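Enquirer: whatever this is, show me its structure:
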Amino acid sequence: MEKREFYEQTTIPYVPVHSIEEEDIPKKIGPYTIESLLSKGSMSYLYLGLHPETKAPLAIKALFPSLSAHQAVVDQFLKEAEIIELADHPNIVKLYSHGKWEKGLYIAMEFIHGVSLKQFIHQQSLSLRRSLDIVLQVSYALLHLHTHGIIHRDIKPENILITESGQIKVIDFGIARIPFLEKSRDMAQKGKMIGTPSYMSPEQKKDPESVLFNTDIYSLGVVAYELIIGKLSLGHIDLSLVPKNLALILQKMLSSSSQERYQDIVDVITMISNYLISSGFRQDRSSEEEKKEYLDQLEKIENIFTPALSPSFLGLEIGIAKPSSSSGLFYDFIKLPDNSHLIILAYEEDRNLESIAHLASFRGSFRTLIELHFQEKKIETFHTRDFLANLNKILAKDQLQAPLHFCLIHLFPLTNEFAFCSSEKQTVWHIGRDLGKVRLLNNLGSALGKNSAADFLTTQDNWQEGDQIILHTVFEENSKEEDLLSLLQKNKNLSPKALAEMIQSTLLPKELILTFQRID
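Expert: Here you go, the predicted structure:
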């Protein structure tokens, strides 16, 4: 076959590929409700499921039913669950459970909100520092695996996910091995290829069962190379394209000889960490690299101010649809000691780079005042009006702080009500559970930090099971409540997350949408 075709083979090319029809998607696997099909691999389907109690999303990996009669395949699938269970680490996907269901076997794992490194390589040009930070996170995951005697054998961009917060998660342990505990050979016959050609060490291509731990170091070297040059290698490595001081490290990671390669992932961590603080790194950085680092830092700050994941609050489901750029936005979710919930949204009318500094000041003041309110004063009840008055005085005295439009919502699950306060340009949609009416709430308060003597009035409203509250960042007289009601009535069964995305794409493109629904 052609070279490109060889390097684009699947991980286990001799396993037959199966088809799936929409009606074949199960409603439940084990105790988990299945929402949709995420992807299809060479041996299994990956579904989006929901935890029966917390309703948290999970990734459910189900072995093809037709392969359940093949004992070697079943053993490999069960071994993957055992390995993930053993490998408990922040940079490795978390196992929830595994077991049997009516059509075979399943593994329930952490659902990771993020994209694969392969998508990152295709879509983004990362700075040298950011690329090496990713390599280090994968290295720490490998250190944990190798310490437990596990060889991954399939380190590649598709098996490395990056969350919106920048955390790395290593996934897919379908061909991982614990050689010192395994007496039988792999399910492949001798001479069969196991792995992904572009990322396999020479010894893995020759005999996948005889590899040592540093076969993963070779694979990581290929991933590091691709991150740095910004494209997939397809088996072709040209170290002249890599900054010269770093090339020496990659050269040893990619040595064709297992004996000449780094023997321990600790050595890789040490060499890369030392490189990042060396004069060699400073020499390798171009002015373009410095710009990339600056953009990486801005993205990191944006993700701190506008997290993609919301906390799990009892009785509340939250949906978030972020705009392509969340610069100048801030929101936060806080559970208070009295079991009520506080949601804050703040932003400037002109969202730009300068507003990032303003929001950093606001975030610090907001969180500090929350802590002081409950710890030093030992007050159990939160009074929205008093809290906003104190926060406003602090911001008004800060010469660097610009006035912020805001919305503060205080939810009381025990009394079925909520309190609401906002600046003059911020509105809230409150939709009853029968979807018969959209209530537009706005109490025309002052922007935070604009006037130190400003008073803040709160609006009380009912909050029943099934009710929805929707926040957005848009400045226009037409609130589109009729369009919203029509959209809601057509999509009654959408989750808060899907609803937020639907509102954003249909009614308010380029705006932030936050949705909150009262649940059992």
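
Enquirer: neighbours around Ser278, how many?
Expert: 12 (other Cβ atoms under 10 Å). C-beta here means a position set from N, CA and C on the backbone, and glycine is covered the same way.

Enquirer: residues touching it, list them.
Expert: With contact taken as Cβ atoms under 8 Å, 6 or more residues apart in numbering, Ser278 is in contact with Asn245.

Enquirer: and the strand or helix carrying Ile84, what does it pack against?
Expert: In the assignment (DSSP states H and E), Ile84 maps to helix 71-86. Under the contact criterion of 3 or more Cβ pairs under 8 Å, 6 or more residues apart in numbering; DSSP states H and E, helix 71-86 touches strand 57-63, strand 95-101, strand 104-110.

Enquirer: if you set the cut-off to 10 Å instead, what comes out?
Expert: strand 44-50, strand 57-63, strand 95-101, strand 104-110, helix 128-147 (3 or more Cβ pairs under 10 Å, 6 or more residues apart in numbering; DSSP states H and E).

Enquirer: could I get the contacting residues of Ala453?
Expert: Taking Cβ atoms under 10 Å, 6 or more residues apart in numbering as the criterion, Ala453 is in contact with 389, 392-393, 396, 446.

Enquirer: please repeat the previous calculation with a cut-off of 8 Å.
Expert: Ala453 neighbours (Cβ under 8 Å, 6+ apart): none.

Enquirer: what's the pLDDT at it?
Expert: Ala453 carries a pLDDT value of 87.

Enquirer: also Asp154?
Expert: The model's pLDDT for Asp154 equals 93.

Enquirer: can you check Ile160 too?
Expert: 95.

Enquirer: and it, how far is that from Leu142?
Expert: 11 Å (Cβ to Cβ, to the nearest Å).

Enquirer: hey, what's in contact with both of the two?
Expert: Contacts common to Ile160 and Leu142, judged by Cβ under 8 Å, 6+ apart, are Val170.

Enquirer: which parts of stretch 511-520 are buried?
Expert: Neighbour counts over stretch 511-520 (16 or more other Cβ atoms under 10 Å) mark 511-518 as buried.

Enquirer: Glu168 and Ser139: what is the separation?
Expert: Not quite, residue 168 is Ile, not Glu. Taken as Cβ to Cβ, the span from Ile168 to Ser139 is 10 Å.

Enquirer: over to Arg261?
Expert: For Arg261 relative to Ser139 (Cβ to Cβ), the value is 14 Å.

Enquirer: the more surrounded of those two?
Expert: Using other Cβ under 10 Å as the criterion, Arg261 and Ser139 rank with Ser139 on top: 25 against 22.

Enquirer: residues contacting that one?
Expert: Here Ser139 is in contact with 220, 265, 268-269, 272 (criterion: Cβ under 8 Å, 6+ apart).

Enquirer: make TSV from these and add pLDDT to it.
Expert: Below are the contacts of Ser139 laid out as TSV (pLDDT from 0 to 100):
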residue	pLDDT
Leu220	97
Ile265	97
Val268	97
Ile269	97
Ile272	96
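
Enquirer: from the residues you listed, which land in helices?
Expert: Residues of the contacts of Ser139 located in helices (DSSP state H): 220, 265, 268-269, 272.

Enquirer: want to throw those into TSV with neighbour count and distance to Glu317?
Expert: Formatted as TSV, the ones in helices among the contacts of Ser139 follow (neighbours: other Cβ atoms under 10 Å; distance: Cβ to Cβ, whole Å):
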residue	neighbour count	distance to Glu317
Leu220	27	38
Ile265	23	40
Val268	26	42
Ile269	17	40
Ile272	20	41
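
Enquirer: among these, which one lies nearest to Leu126?
Expert: Ile272 (14.9 Å; Cβ to Cβ).

Enquirer: what's near enough to touch that closest one?
Expert: 132, 135-136, 139, 249.

Enquirer: out of the residues you listed, which is nearest to Lys292?
Expert: Leu132 (12.3 Å).

Enquirer: neighbours of the closest one, how many?
Expert: Leu132: 22 neighbours (other Cβ under 10 Å).

Enquirer: pretty sure it sits against Ile277.
Expert: No - Leu132 is not in contact with Ile277 according to Cβ atoms under 8 Å; the separation is 11.4 Å.

Enquirer: just give me the neighbour total for the closest residue to Leu212 other than its chain neighbours.
Expert: Leaving aside its sequence neighbours, Leu212 sits nearest to Ser258 (Cβ to Cβ, 6 or more residues apart in numbering; 6.2 Å). Per other Cβ under 10 Å, the neighbour tally for Ser258 reads 19.

Enquirer: list the contacts for Ala500?
Expert: Counting by Cβ under 8 Å, 6+ apart, Ala500 has contacts 319-321, 470, 513-515.

Enquirer: since we're on Phe412, how many residues are nearby?
Expert: Neighbour number of Phe412 under other Cβ under 10 Å is 17.

Enquirer: please name the nearest non-neighbouring residue to it.
Expert: Nearest to Phe412 is Ser340, by Cβ to Cβ, 6+ apart, at 5.0 Å.

Enquirer: and what of Asn442?
Expert: Thr427 (4.6 Å).

Enquirer: count of residues packed around that neighbour?
Expert: 18.

Enquirer: that one and Leu471, how far apart?
Expert: Taken as Cβ to Cβ, the span from Thr427 to Leu471 is 9 Å.

Enquirer: kindly report the same for Ser39.
Expert: 32 Å.

Enquirer: so between the two, which is more surrounded?
Expert: With neighbours defined as other Cβ under 10 Å, Ser39 and Leu471 compare such that Leu471 has more, 20 against 10.

Enquirer: residues in a beta bridge with the more buried one, which ones?
Expert: When assigned by DSSP bridges, Leu471 has beta-bridge partners Val428, Leu514.

Enquirer: spit out the contact partners of it.
Expert: 343, 345, 407, 409, 428-429, 512-515.

Enquirer: just the closest of those residues to Asp455, please.
Expert: Cys407 (16.9 Å).

Enquirer: count of neighbours near the closest one?
Expert: Neighbours of Cys407 under the rule other Cβ under 10 Å: 24.

Enquirer: tell me the mean pLDDT for the helix or strand harbouring it?
Expert: For Cys407, the element it lies in under DSSP H and E is strand 405-412. The average of the pLDDT scores along strand 405-412 is 90.

Enquirer: using CSV, write out every CA atom in that strand.
Expert: The C-alpha trace of strand 405-412 is given here as CSV (Å, rounded to 0.1, in the frame of the first residue of the first chain):
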residue,chain,number,x,y,z
HIS,A,405,-23.2,45.9,34.0
PHE,A,406,-24.3,43.0,36.0
CYS,A,407,-27.0,40.5,37.0
LEU,A,408,-27.1,38.8,40.4
ILE,A,409,-29.5,36.0,41.0
HIS,A,410,-30.1,34.4,44.4
LEU,A,411,-31.9,31.1,44.1
PHE,A,412,-33.8,29.6,47.1
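
Enquirer: now the element after it, going C-ward?
Expert: Trace forward from strand 405-412 with DSSP H and E and the next one is strand 417-422.

Enquirer: how about residues contacting that following strand?
Expert: 384-385, 388, 405-412, 428, 441-443, 445, 456-463, 469.

Enquirer: low-confidence bits of the stretch 1-150 of the chain, can you list those?
Expert: Counting by pLDDT under 70, the stretch 1-150 of the chain has low-confidence residues at 1-23.

Enquirer: helices of this structure, start to end?
Expert: Using DSSP H, helices in the chain cover 3-7, 71-86, 117-123, 128-147, 202-206, 214-229, 244-253, 265-276, 279-284, 287-305, 353-374, 384-397, 481-490, 496-506.

Enquirer: and the third one, what does it pack onto?
Expert: Helices and strands touching helix 117-123, as assessed by 3+ Cβ pairs under 8 Å, 6+ apart, comprise strand 160-163, helix 214-229.
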